[in-house]
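S.K.: how would this look folded up:
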Amino acid sequence: MVRDRRDKMASLIRQKGEISIGELKTHFPSVSEMTLRRDLEFLDQQGHVVRVHGGVKSIEAIIGLSEETYAKRSTENVDQKDRIARKALEFVKPNTSIFLDSGTTTTALSRLIPDQPCDIFTTGVTCAAELARLDKPIIFLAGGNLNKVSLSTFGSQVTSQISDVNFTVAFLGVTGFTAKAGFTTGVLDDCELKKKAIQKASKVVMLMDSSKIGKVLTYTFASLEDVDVVVSDGNLDPDIVELMHEKGVEVI
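M.R.: This next block holds a predicted model:
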């Protein structure tokens, strides 16, 4: 119960960016203020939040690495995302089970998926909206808390829903990549979900445009050893491509 409460508290703080003790009490009315302060002290020690006067801030809010709004991201690098989506389409096969991460590039891929029988699981509200035009696939939109910024579902219940599903292929979005840190994201819940999808997938396909290279966010969800294919825009640094090939990763 303590762990569940602290997980919910951390998710709430990340979603809001900053929250006061008074606001936390309204979300956890049955928990004493002393217990809430102990929870915040624990989260601070674990590096999830930073204590400030009267409350806490998320790490993302402090260092300015919070996920960008979907509306802003959807207008950036549009040609590259479409190019990546068209390349990734070759891994979408009939009569398979597919995991589609949330994000603008996976949404572009959703727009291209043909009407053929398959099971498609996604946390992306925009992905589900694009897939709604299809008759033959079975579409599963994972239920959980709604991230109004990225238009996706998140939380421990989302991760739990895919724990018993075996995916033929998982398409994952990337916020940052370096050789040292691997593939990173700025949100802990997103990190845990991606890790679970990787664990349950026979083939892991990263959708990553070249602008993500050199960026390091707070949480690492995969190394090159976890990945089968990187689909990019054709503008990756040759040294990065060589490194990926050395690790057995196909680069398209």
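S.K.: nearest residue to the most centrally placed residue in the chain in space, please, no chain neighbours.
M.R.: With distances taken as Cα atoms, centre = their mean, residue 190 lies nearest the centre of the chain, 3.9 Å away. Counting by Cβ to Cβ, 6 or more residues apart in numbering, residue 154 is the residue found nearest to residue 190 once chain neighbours are left out, at 6.7 Å. In this view, the C-beta of every residue, glycine as well, is placed from N, C-alpha and C.
S.K.: any idea how far residue 12 is from that neighbour?
M.R.: Distance, residue 154 to residue 12, by Cβ to Cβ, to the nearest Å: 11 Å.
S.K.: same thing with residue 18?
M.R.: Taken as Cβ to Cβ, the span from residue 18 to residue 12 is 11 Å.
S.K.: before we move on, what about residue 245?
M.R.: Residue 245 is 42 Å from residue 12, where distance means Cβ to Cβ.
S.K.: which one of these two has more residues nearby?
M.R.: Between residue 245 and residue 12, counted using other Cβ atoms under 10 Å, residue 12 has the larger neighbour count: 16 against 12.
S.K.: for whatever helix or strand the more buried one lives in, packing partners?
M.R.: According to DSSP states H and E, residue 12 maps onto helix 2-16. The contact analysis (3 or more Cβ pairs under 8 Å, 6 or more residues apart in numbering; DSSP states H and E) places helix 2-16 against helix 21-27, helix 33-45, strand 55-58, strand 145-147, helix 188-200.
S.K.: how far away is the residue nearest to the centre of the chain from residue 167?
M.R.: Counting by Cβ to Cβ, the gap from residue 190 to residue 167 is 17 Å.
S.K.: same question, residue 125
M.R.: Using Cβ to Cβ, residue 125 is found at 20 Å from residue 167.
S.K.: I'd assumed residue 106 was in contact with residue 81.
M.R.: No. Using Cβ atoms under 8 Å, residue 81 is not in contact with residue 106; the gap is 9.3 Å.
S.K.: more crowded one of these two?
M.R.: More crowded of residue 81 and residue 106, by other Cβ under 10 Å: residue 106, with 27 against 23.
S.K.: secondary structure element for the more buried one?
M.R.: Taking DSSP H and E as the criterion, residue 106 maps to helix 104-112.
S.K.: list the buried residues in that helix.
M.R.: By neighbour count on 16 or more other Cβ atoms under 10 Å, the buried set for helix 104-112 is 104, 105, 106, 107, 108, 109, 110.
S.K.: what sits against the nearest residue to residue 173 once chain neighbours are set aside?
M.R.: Nearest residue to residue 173, sequence neighbours excluded (Cβ to Cβ, 6+ apart): residue 103, at 3.5 Å. Residue 103 is in contact with 73, 124, 150, 152, 173, 207, counting by Cβ atoms under 8 Å, 6 or more residues apart in numbering.
S.K.: beta partners for the second one?
M.R.: Think residue 124. Assessed by DSSP bridges, residue 124 has beta-bridge partners residue 152.
S.K.: run through who's touching stretch 127-147.
M.R.: Residues contacting stretch 127-147 (Cβ under 8 Å, 6+ apart): 11, 15, 100, 102, 106-107, 110-111, 113, 115-123, 125, 152-155, 157-158, 161-162.
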